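>>> sequence first, predicted coordinates after that:
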There are 2 protein chains.
Amino acid sequence: MNVKDNSVNIKESPTDASKESGTYHHGDLRAAAIAAGMEKFGGQNHPDLGLRALARELGVSATALYRHFPNKDALLDALALEALNQLGAHQAQAAQSVGGGREGFGEMGVTYVRWAVEHPALVRLIYDRVGKVDLAAGNPTKMGEAFYQLRAGIAATMSEDISPEHRATATLHAWSLVHGLAMLILDGQVEYDPDMIRKVVTLADFGLE
Amino acid sequence: MNVKDNSVNIKESPTDASKESGTYHHGDLRAAAIAAGMEKFGGQNHPDLGLRALARELGVSATALYRHFPNKDALLDALALEALNQLGAHQAQAAQSVGGGREGFGEMGVTYVRWAVEHPALVRLIYDRVGKVDLAAGNPTKMGEAFYQLRAGIAATMSEDISPEHRATATLHAWSLVHGLAMLILDGQVEYDPDMIRKVVTLADFGLE
DNA sequence: CGTTCATGTTAACAGCATAAACATTTGGAG
DNA sequence: CTCCAAATGTTTATGCTGTTAACATGAACG
């Protein structure tokens, strides 16, 4: 599988744009807003975005964002999707770099946790939004699809000659393990230590090999 | 170990109180606020508390709460502590009802997840607050102590003749597993099913017996 | 009986998301 | 090329929020 780059496409606006004086129109505000939002959430631990602050950074009035997002939640959804795609890309890369089995799962787990530690607010945002969005509208969202890819990556590290039920259980087990570990670290209950992570993750035994 | 009830002590205020007409003074507003807050968070999934709304429910003006809590965060901290104590009590009860080993851990894990599912907003609140509080002030908080009890309960289900390092790793593994599972359920990624929970949890093998 | 202190009140402020009305720029059709 | 419509921006206004300051009440204690 290739590492797809699903990142937001910051298209140069018509007639170049970029900047140039105080143009009334911004160029591509939607993309800029998402980029600025991602930047703002980058190293932070707790998601907290103010429309006014974001708009100020973009050199635009607060209500301008409403031309591109129906409300704040929609903007957060867009950010969450962007973040999930980035995480997915990292996971795919990790899966690519190693084989399956316990070793492969270890690598994916470590990657998941590391990405989470490096982008705390984004992980929180992802799970926060997906919990609200997917349930509310029963639409087969892009986020749902991205999550499916994530699970599939985990399941792929498991031996093929185990029963489907056991496989489902084991996948859930693995996902829970790395996600829980990541959350405990983000919430300050466990200090981040790559070696320790690997030890904990490879302690798992659910018919991987 | 006995099941301690660390719940908030709703002391009848001096001179009885309880209610009786529109007394200018409330009686014990602090306890009432915590109780009302717990009630409000009870079945909800996402923590969201408005001081004004809470005060309205208590039949008191919004700013009255500032006589008992320096700010909103302090109130949330109090709620988180209360919630953590309740969770701890449940865990202790579960630990009491079964022996150690894989069976014991399974019971504790199921209990943890069940309580989390029944009180989603409170679990979120607990980890949200402890992440901010314990780190900010390096004080050995009551919450820190309560968490220690939680970990100790998990560790107690493990065989005694394993090395301390392995024991620490295994404890973290177990905690991560149940916490991650609970979070995935709360975020709508996994549907709650007690049997499935038990299967996933007992799939763990880290020198329990 | 009177003072003091804890605890309540109302009024005010800044910041928030958001809606409505108005302004400007862009792009396409005649 | 011109003109009109749609897209995208701005200003203004509304009702929410947490929080502070100044004032009021009542309970406890000498």
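Nice, I can see it. Residues are numbered from 1 along each chain as shown, chains lettered A, B, ... in the order given.

>>> now do the contacts for residue A:184.
The neighbours of residue A:184, taking Cβ atoms under 8 Å, 6 or more residues apart in numbering or on different chains as the test, are A:190, B:172, B:175-176, B:179. Any C-beta I mention is one placed from the backbone N, CA and C, and that applies to glycine too.

>>> so which bits of the lengthiest helix in chain A are buried?
Using DSSP state H, we find that the single longest helix of chain A is helix A:72-97. For helix A:72-97, a neighbour-count test (16 or more other Cβ atoms under 10 Å in any protein chain shown) marks A:75-92, A:94-95 as buried.

>>> tell me what angle the helix or strand that contains residue A:176 forms with helix B:164-186.
Remark: residue A:176 resides in helix A:164-186, with elements defined by DSSP states H and E. Orientation check (axes from the mean of the first three to the mean of the last three Cα atoms, to 10 degrees): helix A:164-186 against helix B:164-186 gives 100 degrees.

>>> give the next helix or strand downstream of helix A:164-186.
Downstream of helix A:164-186, the first helix or strand assigned by DSSP H and E is helix A:194-202.

>>> elements contacting that next one?
helix A:101-118, helix A:164-186, helix B:164-186 (3 or more Cβ pairs under 8 Å, 6 or more residues apart in numbering or on different chains; DSSP states H and E).

>>> repeat that with 6 Å
The contact analysis (3 or more Cβ pairs under 6 Å, 6 or more residues apart in numbering or on different chains; DSSP states H and E) places helix A:194-202 against helix A:101-118, helix B:164-186.

>>> can you tell me which of these is nearest to DNA strand D?
When these are compared by Cβ to the nearest atom of the strand, helix B:164-186 sits nearest DNA strand D, at 22.3 Å.

>>> buried residues in the closest one?
For helix B:164-186, by 16+ other Cβ under 10 Å, it's B:167, B:169-186.

>>> do stretch A:61-68 as well
For stretch A:61-68, using 16+ other Cβ under 10 Å, the buried residues are A:64-65, A:68.

>>> stretch A:43-61 too?
A:45, A:47, A:49, A:51, A:54-55, A:58, A:60.

>>> report whether that stretch contacts chain B.
No - counting by Cβ under 6 Å from any Cβ of the partner chain, chain B is not contacted by stretch A:43-61; separation bottoms out at 7.6 Å.

>>> do stretch A:156-175 as well
Yes - applying Cβ under 6 Å from any Cβ, one finds stretch A:156-175 in contact with chain B at A:169, A:172-173.

>>> ok, the closest residue to residue A:167 other than its chain neighbours - how many residues close by?
Leaving out its chain neighbours, the residue that sits closest to residue A:167 by Cβ to Cβ, 6 or more residues apart in numbering or on different chains is residue A:158, at 6.0 Å. Counted with other Cβ atoms under 10 Å in any protein chain shown, the neighbours of residue A:158 add up to 22.

>>> phi, psi for residue A:158 please.
The phi and psi values for residue A:158, taken as degrees, to the nearest 10, are phi -100, psi 150.

>>> contacting residues for the residue sitting nearest the centre point of chain A?
In chain A, the residue lying closest to the centroid (Cα atoms, centre = their mean) is residue A:84, at 2.5 Å. For residue A:84, the contacting residues are A:126, A:146, by Cβ atoms under 6 Å, 6 or more residues apart in numbering or on different chains.

>>> what of the one 4 residues further on?
Each residue near residue A:88 by Cβ under 6 Å, 6+ apart is listed here: A:146, A:149.
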